[in-house]
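Novice: no sequence on hand, only this structure:
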């Protein structure tokens, strides 16, 4: 099958959604599907809206030849109206890959309403959806109704090299020394590193250390705020800003750590929580979004309301003071990881979903 994939930017961008796109393309090609990736320059939101009236963009898309067109839903500003034209020209199904909705982010109410209006208009122009979580499925159905085919295909946690044994987890948890906390996310406000630092500022300094793995260039103003927060609170010596790590480096960091804490203001799913659990790390995440589909609170991690510094500090302090609890939750995290679908299982189900559209399109 000939498949097109429309994205902003390139597949090299280091986020969970682009990881999903990249692995899906690799999987489809390994099964002898032909995939053409159409990369558009990443515009401002306002500029993206103007793309709907762009003659040059229409000319670029005129020559598309595919049996099915995938669209990473991040491109919704540019296609909420343009898709109507595109559907007539291509005469093939359009499927949205929905990993995140901008209207779920923390914005002023008027702006959230506007984003949700645009996303709803966009979602009603496509023929079906692949969603990364049940929470996101519910959001899509609220915006676009439930009259179109939709599948939930959670990301896997098994892309990183290496594995860990229960014996290694026990030795790590019970060894003397500070609690090794890891934050794995690009440094942008939505990931709430500032909230994690505020929580850690309430704990004994000798009891913990934090390693931050993620891009330091996506939002340089926010990174500067973080550096100022570290200086102001005197936490600089406790925190390492490691930048972006390759898979081998990240796997090594997770193996050496005790707990993963990424208390985002919203997380549609959170592949990184599963990846941490694959190394026996209890995960601390937000109650907002789909992380609750991964984490069993109090058993293999904790869920915290966005911005709740006191509760976050309390959970971290429990793990710092009670290494027996840390061991129990670490072993439960590994068991939880092993119950979740692998990347191969999720990608295989997506391919079957996509091919069903081709069959139905030929029949109709």
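Specialist: Perfect, I can see it now. A quick note: this is a predicted structure, and the numbers were derived from the prediction, not measured. Residues are numbered from 1 along each chain as shown.

Novice: from here on, contacts and neighbour counts on C-alpha atoms
Specialist: Will do.

Novice: residue 24 reaches residue 347, doesn't it?
Specialist: Yes. Between residue 24 and residue 347 there is a contact at 6.2 Å, judged by Cα atoms under 8 Å.

Novice: which of the two has more residues huddled nearby?
Specialist: More crowded of residue 24 and residue 347, by other Cα atoms under 10 Å: residue 347, with 23 against 20.

Novice: the helix or strand harbouring the more buried one - what's its average pLDDT?
Specialist: Per DSSP states H and E: residue 347 is located in helix 343-363. Mean pLDDT, helix 343-363: 82.

Novice: list the buried residues in it.
Specialist: Residues of helix 343-363 classed as buried by neighbour count (16 or more other Cα atoms under 10 Å): 343, 344, 346, 347, 348, 350, 353, 354, 357, 358.

Novice: got it, and stretch 98-115?
Specialist: 98, 99, 100, 101, 102, 103, 104, 105, 112, 115.

Novice: strands - which of those residues land there?
Specialist: residue 98 (DSSP state E).

Novice: which of the buried residues of stretch 98-115 scores worst on pLDDT?
Specialist: Where pLDDT dips furthest among these: residue 105, at 88.

Novice: if we can go back for a sec, I'd like the buried residues of stretch 98-115 written out as CSV, with distance to residue 85 added.
Specialist: Formatted as CSV, the buried residues of stretch 98-115 follow (distance: Cα to Cα, whole Å):
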residue, distance to residue 85
98, 21
99, 24
100, 25
101, 23
102, 24
103, 25
104, 28
105, 29
112, 27
115, 22
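
Novice: closest to residue 42 among the buried residues of stretch 98-115?
Specialist: residue 102 (14.9 Å; Cα to Cα).

Novice: got the contact list for that closest one?
Specialist: Residue 102 makes contacts with 112, 115, 116, 119, as judged by Cα atoms under 8 Å, 6 or more residues apart in numbering.

Novice: which of those lies closest to residue 36?
Specialist: residue 119 (24.5 Å).

Novice: just to revisit the earlier point, how about the contacts of residue 102 in a markdown table, adding distance to residue 54?
Specialist: Shown next, in a markdown table, are the contacts of residue 102 (distance: Cα to Cα, whole Å):
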| residue | distance to residue 54 |
| --- | --- |
| 112 | 25 |
| 115 | 21 |
| 116 | 23 |
| 119 | 19 |
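
Novice: nearest to residue 68 among those?
Specialist: Nearest to residue 68 among the contacts of residue 102, with distances taken as Cα to Cα, is residue 119, at 21.0 Å.

Novice: would you confirm that the closest one contacts residue 78?
Specialist: No. If you go by Cα under 8 Å, residue 119 and residue 78 don't touch, sitting 10.6 Å apart.

Novice: related to what we said a few turns ago, what sits up against the helix holding residue 347?
Specialist: Contact with helix 343-363 is made by 1, 24, 27-28, 67-68, 92-93, 130, 151, 153-159, as judged by Cα under 8 Å, 6+ apart.

Novice: and what of stretch 172-186?
Specialist: Outside stretch 172-186, the residues that touch it by Cα under 8 Å, 6+ apart are 14-15, 191, 193, 206-216, 218, 244, 253-254, 256-262, 272, 319-320, 323-324, 326-327.

Novice: what do you get if the cut-off is 7 Å, keeping everything else the same?
Specialist: Outside stretch 172-186, the residues that touch it by Cα atoms under 7 Å, 6 or more residues apart in numbering are 191, 206-216, 257-262, 320, 323, 326-327.

Novice: same question, stretch 144-156
Specialist: Stretch 144-156 is touched from outside by 120, 123-124, 127-134, 137, 271, 341-343, 346, 350, with contacts defined as Cα under 7 Å, 6+ apart.

Novice: let's see that with 8 Å instead.
Specialist: Residues from elsewhere that reach stretch 144-156, judged by Cα under 8 Å, 6+ apart: 20, 120-121, 123-124, 127-134, 137, 269, 271, 274-275, 340-344, 346-347, 349-350, 353.

Novice: generate a PyMOL selection restricted to the buried subset of the residues you listed.
Specialist: Selection of the buried residues among the contacts of stretch 144-156 in PyMOL, burial being defined by 16+ other Cα under 10 Å:
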select buried, resi 20+120+121+123+124+127+128+129+130+131+132+133+134+137+269+271+274+275+340+341+342+343+344+346+347+350+353
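
Novice: which ones among the contacts of stretch 144-156 map onto helices?
Specialist: 20, 120-121, 123, 134, 137, 271, 274-275, 343-344, 346-347, 349-350, 353 (DSSP state H).
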